[in-house]
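In: can't give you the sequence, but here's the structure:
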């Protein structure tokens, strides 16, 4: 074997992060180390893997094929090592978990201290992506997703349902009044998502897609906007249940809500053949009964 696995791992990080500096930041190493690793691979193989310009990097055709094979090969090597290490012991090793940032903030972070005490040898990496993430490309072991699932290549473990609520702060209602019917929303400040647009289809009778006065790609940003009295939002219970209980937010138009159970489903997704299954199972079985959806 001409190349070293640590150099190959650096190469994958360069490709996934889009540049040498970004890869260095991700791996917490110097840019020069990243550059040397990639150059060394190219010299050993006698091919150009990355075309470099001052503004971006781009895979060559040979590089694209090589990177795909390397990604699969390193994953198989990691799985083989994990199988040997984990036999007969508590689950151990790295577990990469991805979820939308509000879910990380409000559901996962409060559980991490107890989880670490239960499984001290599992090294957790928590990442936040607001949309779809390719588990292989991002080297993610399990992704927690809310709503309809489309990827049939992944195994989906249901975690529960989190109701959608139309909410506003008491301050906003005091200033603008509470809408009494769906049509009244046209006279209010509405908070919605930039993407995906389906999240702006509020679960209301006869309701159409709302046109936000303020929009964001991040649910936590919308929560903060609603708490600050900026308008009315449609948010999941997992991120606002405490706000509702404390009276910081108030539900609206409850009599006009319709059933959208598919959008309220919370699932953990991972590859069926994953050999980090013991870590995934330990994680899911720990968090599921403790989630406050």
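Out: Thanks, I have it. Note that the structure is a prediction, hence the values are computed from the model and not measured. Numbers count the residues shown, from 1 in each chain.
In: can you give me the helices for the chain?
Out: 5-17, 20-27, 31-45, 61-86, 101-103, 112-118, 170-176, 219-227, 237-246, 261-264, 277-287 (DSSP state H).
In: Now do the residue in the chain sticking out farthest from the centre against residue 66, distance only.
Out: Going by CA atoms, centre = their mean, the residue of the chain most distant from its centre is residue 46, 37.9 Å out. According to CB to CB, to the nearest Å, residue 46 and residue 66 sit 12 Å apart. C-beta coordinates here come from the backbone N, C-alpha and C atoms, glycine included.
In: Strands along the stretch 51-200 of the chain, start to end?
Out: Counting by DSSP state E, counting those that start in this stretch, the stretch 51-200 of the chain has strands at residues 57-59, 93-99, 122-128, 142-146, 154-161, 164-168, 190-193.
In: partners of the second one in the sheet?
Out: To tie it back to what came earlier, the one meant is strand 93-99. Strands that pair with strand 93-99, judged by DSSP bridges, come out as strand 122-128 (parallel), strand 142-146 (parallel).
In: tilt between it and helix 277-287?
Out: 50 degrees (axes from the mean of the first three to the mean of the last three CA atoms, to 10 degrees).
In: Strand 93-99 - what's its average pLDDT?
Out: Mean pLDDT, strand 93-99: 89.
In: before we move on, what about the last one?
Out: Model confidence over strand 190-193, given as mean pLDDT, is 95.
In: what does the longest one give?
Out: Per-region confidence: strand 154-161 scores 86 on mean pLDDT.
In: ok, now how distant is the residue farthest from the centre of the chain from residue 62?
Out: Counting by CB to CB - residue 46 and residue 62 are separated by 10 Å.
In: re earlier: and the residue farthest from the centre of the chain, what's its pLDDT?
Out: Looking at residue 46, the pLDDT reads 85.
In: Phi first, then psi, for it.
Out: Here is the backbone geometry of residue 46 (degrees, to the nearest 10): phi 70, psi 30.
In: is the residue nearest the centre of the chain in a bridge, and if so with what?
Out: Nearest to the geometric centre of the chain sits residue 99, at 2.9 Å (CA atoms, centre = their mean). Assessed by DSSP bridges, residue 99 has beta-bridge partners residue 128, residue 144.
In: Quick check: it touching residue 143?
Out: Yes. Assessed by CB atoms under 8 Å, residue 99 is found in contact with residue 143 at 6.9 Å.
In: re earlier: the strands of the stretch 51-200 of the chain: which one's closest to residue 21?
Out: Smallest distance to residue 21 across the strands of the stretch 51-200 of the chain (CB to CB): 10.6 Å, for strand 57-59.
In: Within the sheet, what are the partner strands of that closest one, with directions?
Out: strand 50-52 (antiparallel).
In: buried stuff in the partner strand?
Out: Buried residues in strand 50-52, defined by neighbour count with 16 or more other CB atoms under 10 Å: residue 50.
In: can you check stretch 266-286 too?
Out: Residues of stretch 266-286 classed as buried by neighbour count (16+ other CB under 10 Å): 266-271, 274-280, 282-284.
In: How about stretch 224-242?
Out: Under 16+ other CB under 10 Å, the buried positions of stretch 224-242 are 225-227, 229-241.
In: Go through those and name the one nearest residue 105.
Out: Among the buried residues of stretch 224-242, residue 239 lies closest to residue 105 (CB to CB), at 7.6 Å.
In: any idea how far residue 29 is from the nearest residue to residue 57 once chain neighbours are set aside?
Out: Using CB to CB, 6 or more residues apart in numbering and skipping residues adjacent in sequence, the residue nearest residue 57 is residue 50, 4.9 Å away. Separation of residue 50 from residue 29 (CB to CB): 18 Å.
In: next one: residue 100
Out: Distance from residue 100 to residue 29, by CB to CB: 29 Å.
In: With residue 116 instead?
Out: Taking CB to CB, one finds residue 116 at 26 Å from residue 29.
In: go on, residue 23?
Out: Going from residue 23 to residue 29 by CB to CB gives 8 Å.
In: for the chain, what helix or strand is lowest in average pLDDT?
Out: helix 61-86 (a mean of 75; mean pLDDT, DSSP states H and E).
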